[in-house]
Each structure stands twice: as C-alpha cells, then as structure tokens.
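Enquirer: have a look; sequence and predicted model below, questions after that.
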Amino acid sequence: MSVFANLIVTAAAGAAEAHEEAASAGLPQLDPTSWPSQLFWLTLTFGALYWLMAGKFLPSLGGAIEERRDRIADDLDQAAEFKRQAEDAESAYSKALADARAKAGAIAADTRAEMDKEIAALQAETDAALESQLGAAEARITAMKADASAKVREAAAETTRAVVETLIDEAPTDDAVAKAIATVRA
C-alpha cells in the first residue's frame with residue numbers, strides 16, 4: 001500500500017477513538033468518520049488550484065514580470081543613450097562657446113587695432129591743423145607786433161613833433177624826428 005493509504009487507515013483507526021470525544025464536543029471536522037472525505041476534497045481542491053496556478057496564472061504573471069523587466073532594461077538603455085547624447089551636446093556646446101570667445105577676442109583685437117589707426121590718423125590730422133593754425137597765429141602776432149611797433153613809432157614821431165613845436169614854435173623835419181627817436185631807442 002501506498003503511504004497515503006497507510007495514512008488514511010491510521011487516521012481512521014485513531015479517529016474511532018476520538019469519535020467518542022468529537023461527538024461529545026460537537027465539532028464535525030473532528031469527527032473521524034468524515035476525515036476520508038475531507039482528505040479527498042482537500043486533495044482534489046489542492047490539485048485543481050495547483051493545476052490552475054501552474055497552467056494559467058503563474059505563466060501569465062511570469063510573462064508580465066519578464067515584460068516589465070524587458071521594458072526596464074530598454075528604458076535604462078534609452079536613458080544611457082540620452083545621457084551620452086547630452087554629454088556630446090555639452091561638449092559641442094563648450095567647444096562652440098570657446099570658439100565664439102576666441103572669435104570675439106580676435107574681432108575685439110582687430111577693432112581695437114583699427115580704432116588705434118583711426119585715432120592716430122585723426123591725431124596726426126589734428127596736429128597738422130593745429131600746426132597750420134599756430135603758424136597762422138604766429139604770423140598774425142608778428143604782423144600785429146610790426147603794426148603795433150609802426151604805430152608806436154608813428155605816435156612817438158607825432159608826439160615828438162608836437163612837443164618840439166610847442167617848445168620851439170617850429171616844426172621839425174621828418175629826418176630830425178626819426179634820428180631823435182632812433183637815439184632814444186638805442
């Protein structure tokens with residue numbers, strides 16, 4: 001006999017003794033006469049549940065778990081790709097920024113050099129204009145000095161003539177007045 005059958009026979013023998021106690025206790029599941037049918041239904045129910053779980057539910061749960069695992073792996077791969085693309089974009093941005101800064105520095109240096117040339121040209125032009133104005137001003141000053149000197153001589157000559165006329169009641173000659181002024185100046 002099988003182990004299961006020996007278990008049932010042993011349980012039935014022990015159940016006869018406990019039958020008296022179970023009948024007085026009032027619990028039908030402890031009645032040894034109903035144990036073989038309870039074991040039958042337990043085995044049948046357990047077998048049916050095992051068959052349903054192993055054949056239907058567990059494979060579908062396993063498929064869902066595997067699908068989820070695949071989706072997570074795909075998402076991680078995609079995230080890694082996006083990270084690599086972001087790093088590439090960051091390095092390209094950094095390079096473009098460095099190139100732009102270098103180009104801006106070169107443009108600033110070129111502009112500064114052009115502005116320095118323009119400033120030097122304007123300064124030379126202004127210096128030339130100021131030199132010509134200074135030369136013209138010096139010429140005017142020299143002319144004004146000469147004119148003032150001539151007017152002072154003329155005024156001195158007229159004053160000398162008027163003083164001599166007043167003193168001696170006679171008009172001096174132009175040569176005599178010029179000699180007197182020359183003598184005073186020397």
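Expert: Everything's here; your move.

Enquirer: who does the helix or strand containing A148 touch, helix- and strand-wise?
Expert: Element membership of A148 [criterion: DSSP states H and E] is helix 58-168. Where contact means 3 or more CB pairs under 8 Å, 6 or more residues apart in numbering; DSSP states H and E, helix 58-168 is packed against helix 174-185. In this view, the C-beta of every residue, glycine as well, is placed from N, C-alpha and C.

Enquirer: what inclination does the helix it packs on have with respect to helix 58-168?
Expert: Between helix 174-185 and helix 58-168, the angle comes out at 120 degrees (axes from the mean of the first three to the mean of the last three CA atoms, to 10 degrees).

Enquirer: how far off centre is the helix holding A148?
Expert: Its chain's C-alpha centre and that of helix 58-168 lie 26 Å apart, by CA atoms, centre = their mean, to the nearest Å.

Enquirer: buried residues, stretch 175-186. List them.
Expert: For stretch 175-186, the neighbour count (16 or more other CB atoms under 10 Å) marks 177, 180-181 as buried.

Enquirer: equivalent analysis for stretch 27-41, please.
Expert: 31-32, 35.

Enquirer: any idea which of the residues you listed is closest to G47?
Expert: W35 (18.2 Å; CB to CB).

Enquirer: secondary structure element for the closest one, which one?
Expert: Going by DSSP H and E, W35 is in helix 35-52.

Enquirer: would you turn the buried residues of stretch 27-41 into a markdown table with distance to A162 and pLDDT?
Expert: A markdown table is the format used below for the buried residues of stretch 27-41 (distance: CB to CB, whole Å; pLDDT from 0 to 100):
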| residue | distance to A162 | pLDDT |
| --- | --- | --- |
| D31 | 175 | 81 |
| P32 | 176 | 84 |
| W35 | 173 | 86 |
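
Enquirer: turn the residues you listed into TSV, including distance to A129.
Expert: As requested, the buried residues of stretch 27-41 are exported to TSV (distance: CB to CB, whole Å):
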residue	distance to A129
D31	134
P32	135
W35	131
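
Enquirer: quick revisit: just the C-alpha atoms of the helix holding W35, please, in PDB.
Expert: Taking C-alpha atoms only, helix 35-52 is exported to PDB below (Å, rounded to 0.1, in the frame of the first residue of the first chain):
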ATOM      1  CA  TRP A  35     -11.900  12.500   7.600                       C
ATOM      2  CA  PRO A  36     -11.500  10.400   4.400                       C
ATOM      3  CA  SER A  37     -14.000  12.600   2.600                       C
ATOM      4  CA  GLN A  38     -12.300  15.700   3.900                       C
ATOM      5  CA  LEU A  39      -8.900  14.400   2.700                       C
ATOM      6  CA  PHE A  40     -10.400  13.600  -0.700                       C
ATOM      7  CA  TRP A  41     -11.800  17.100  -1.100                       C
ATOM      8  CA  LEU A  42      -8.600  18.700   0.200                       C
ATOM      9  CA  THR A  43      -6.600  16.700  -2.300                       C
ATOM     10  CA  LEU A  44      -9.000  17.500  -5.200                       C
ATOM     11  CA  THR A  45      -9.100  21.200  -4.300                       C
ATOM     12  CA  PHE A  46      -5.300  21.500  -3.800                       C
ATOM     13  CA  GLY A  47      -4.800  19.600  -7.200                       C
ATOM     14  CA  ALA A  48      -7.200  21.900  -9.000                       C
ATOM     15  CA  LEU A  49      -5.700  25.000  -7.500                       C
ATOM     16  CA  TYR A  50      -2.200  23.800  -8.300                       C
ATOM     17  CA  TRP A  51      -3.200  23.000 -11.900                       C
ATOM     18  CA  LEU A  52      -4.800  26.500 -12.300                       C
END
